[in-house]
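Colleague: no sequence for this one, just the structure:
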Ligand code: CP
């Protein structure tokens, strides 16, 4: 079996946010993901990481992420350890350490680095005390101390593997993404949801020179640093970035739509002193008309419908759209998680 040149091309690197990589590197990752997808579908072996171990720490539940990482490392010839936080001494940030009662992230990360070849972490929501940025800091702390690559399986700021899988799916149906209109829109859901997906989507689509519109009701603003980075990407890569407060207006003429729930941040720290789940839920309930329907898709330029999954049926999107809309990329995006993650693992873990 010939080993492709991308294996080891980013050896030792962490993967926390797509913004840490140049457009050229992201394209190289996607080319690798395309190659792995082709080989997976042809049943060809891709055992480029024999004997390698991936540690997966999940503070939150998952269908796609856990199973695609676990299947992916096995298909590469390696092995995954699933670690739920209740099976570890709680990995703890320095400011929260209780003497003699907790294990510092710095120690957990260095111990796991002695046993395997990468550490992957998912942490947002209750596990990060609904304090925006805290989950990301936990992952950064693992990365700071680990001697092996640390992979972000979704935190409260970014979901970089989702963004890779999504842009791979978009590129498959539209090889020239530059100049295409891509709408990242709020969609209603009852529960609290992190900012990770919309933030990673505006970052990667502007990195590909698309004309990106971020649509949401007032109160659902993304982090200032992400908006600034999206504008810089648009200037640098020849696209555009605009904000709209009207879902239908944003959808007009769109080539891709990505309507997905996230929560208004004025109800959680550091924007609020406490976590006010009821307040957030009541505020979100004012926007139940932010739902993707066949009628709404009619105003687009025959847009491709995208969503990271799980989509909240009857809230974010109708059953009709999810089950019957011809230009839905929902399952392609889910599949591409496998290929994009295998690409990164093959590049960073040899
Ligand atoms: N999109 C995504 O990360 O799905 P899971 O929550 O099922 O992993």
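Modeller: Looks like it arrived, so ask away. The structure displayed is predicted, hence computed values, not measured ones. Numbers count the residues shown, from 1 in each chain.
Colleague: now for the helix or strand of the chain with the lowest mean pLDDT, which elements pack on it?
Modeller: Scoring the helices and strands of the chain by mean pLDDT, DSSP states H and E places strand 91-92 at the bottom, with a mean of 86. Contact here means 3 or more Cβ pairs under 8 Å, 6 or more residues apart in numbering; DSSP states H and E; on that basis strand 91-92 packs against strand 103-104, helix 105-115. To be clear about C-beta, it is placed using only N, CA and C from the backbone, and glycine gets the same treatment.
Colleague: residues making contact with the shortest one?
Modeller: To tie it back to what came earlier, the one meant is strand 103-104. Counting contacts by Cβ atoms under 8 Å, 6 or more residues apart in numbering, the residues outside strand 103-104 that touch it are 88, 89, 90, 91, 92, 94, 97.
Colleague: What's the ChimeraX line that selects buried ones from the residues you listed?
Modeller: Typed into ChimeraX, the line below selects the buried ones among the contacts of strand 103-104, using 16 or more other Cβ atoms under 10 Å:
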select :91,92
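Colleague: what's the farthest-apart pair in the contacts of strand 103-104?
Modeller: Distance extremes for the contacts of strand 103-104: the farthest pair is 88 and 94 at 17.0 Å, using Cβ to Cβ.
Colleague: What residues does the stretch 151-300 of the chain have near the ligand?
Modeller: Contact residues of the stretch 151-300 of the chain with respect to the ligand, defined by Cβ under 6 Å from any ligand atom, are listed as 154, 162.
Colleague: which stretches of the stretch 151-300 of the chain form helices?
Modeller: Under the criterion DSSP state H, counting those that start in this stretch, the stretch 151-300 of the chain carries helices at the ranges 160-173, 196-207, 224-237, 247-251, 277-284, 294-297.
Colleague: Would you mind giving the ones you listed as TSV with mean neighbour count added?
Modeller: Supplementary listing: the helices of the stretch 151-300 of the chain in TSV, determined by neighbours: other Cβ atoms under 10 Å:
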stretch	mean neighbour count
helix 160-173	24
helix 196-207	26
helix 224-237	16
helix 247-251	19
helix 277-284	16
helix 294-297	16
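Colleague: In JSON lines, list these along with distance to residue 57 and mean pLDDT.
Modeller: Listed next are the helices of the stretch 151-300 of the chain as JSON lines, based on distance: least, Cβ to Cβ, whole Å; pLDDT from 0 to 100:
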{"stretch": "helix 160-173", "distance to residue 57": "15", "mean pLDDT": "98"}
{"stretch": "helix 196-207", "distance to residue 57": "16", "mean pLDDT": "98"}
{"stretch": "helix 224-237", "distance to residue 57": "25", "mean pLDDT": "98"}
{"stretch": "helix 247-251", "distance to residue 57": "36", "mean pLDDT": "98"}
{"stretch": "helix 277-284", "distance to residue 57": "25", "mean pLDDT": "96"}
{"stretch": "helix 294-297", "distance to residue 57": "38", "mean pLDDT": "98"}
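Colleague: Turn these into a markdown table, columns for distance to residue 330.
Modeller: What follows is the helices of the stretch 151-300 of the chain, written out as a markdown table (distance: least, Cβ to Cβ, whole Å):
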| stretch | distance to residue 330 |
| --- | --- |
| helix 160-173 | 9 |
| helix 196-207 | 14 |
| helix 224-237 | 24 |
| helix 247-251 | 17 |
| helix 277-284 | 22 |
| helix 294-297 | 13 |
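Colleague: neighbours around the closest residue to the ligand within the stretch 251-350 of the chain, how many?
Modeller: Using Cβ to the nearest ligand atom, the single residue of the stretch 251-350 of the chain nearest to the ligand is residue 308, 3.8 Å away. The number of residues packed near residue 308 is 24, by other Cβ atoms under 10 Å.
Colleague: can you check residue 45 too?
Modeller: By other Cβ under 10 Å, 10 other residues sit near residue 45.
Colleague: could you measure the residue nearest to it when sequence neighbours are not counted against residue 21, distance?
Modeller: The spatially closest residue to residue 45, leaving aside those adjacent along the chain, is residue 1, at 5.9 Å (Cβ to Cβ, 6 or more residues apart in numbering). Using Cβ to Cβ, to the nearest Å, one gets 27 Å for the distance from residue 1 to residue 21.
Colleague: and those two? which has more neighbours close in?
Modeller: When residue 1 and residue 21 are compared on other Cβ under 10 Å, the one with more neighbours turns out to be residue 21, at 19 against 9.
Colleague: The more buried one is in contact with residue 29, isn't it?
Modeller: Yes. Contact criterion Cβ atoms under 8 Å: residue 21 and residue 29 qualify, at 7.4 Å.
Colleague: List the contacts of the residue lying closest to residue 325 once chain neighbours are set aside.
Modeller: With Cβ to Cβ, 6+ apart as the criterion, residue 325 has its nearest non-adjacent residue at 5.5 Å, and that residue is residue 305. If you count contacts by Cβ under 8 Å, 6+ apart, residue 305 has them with 257, 292, 297, 317, 321, 325, 327, 328, 329, 330.
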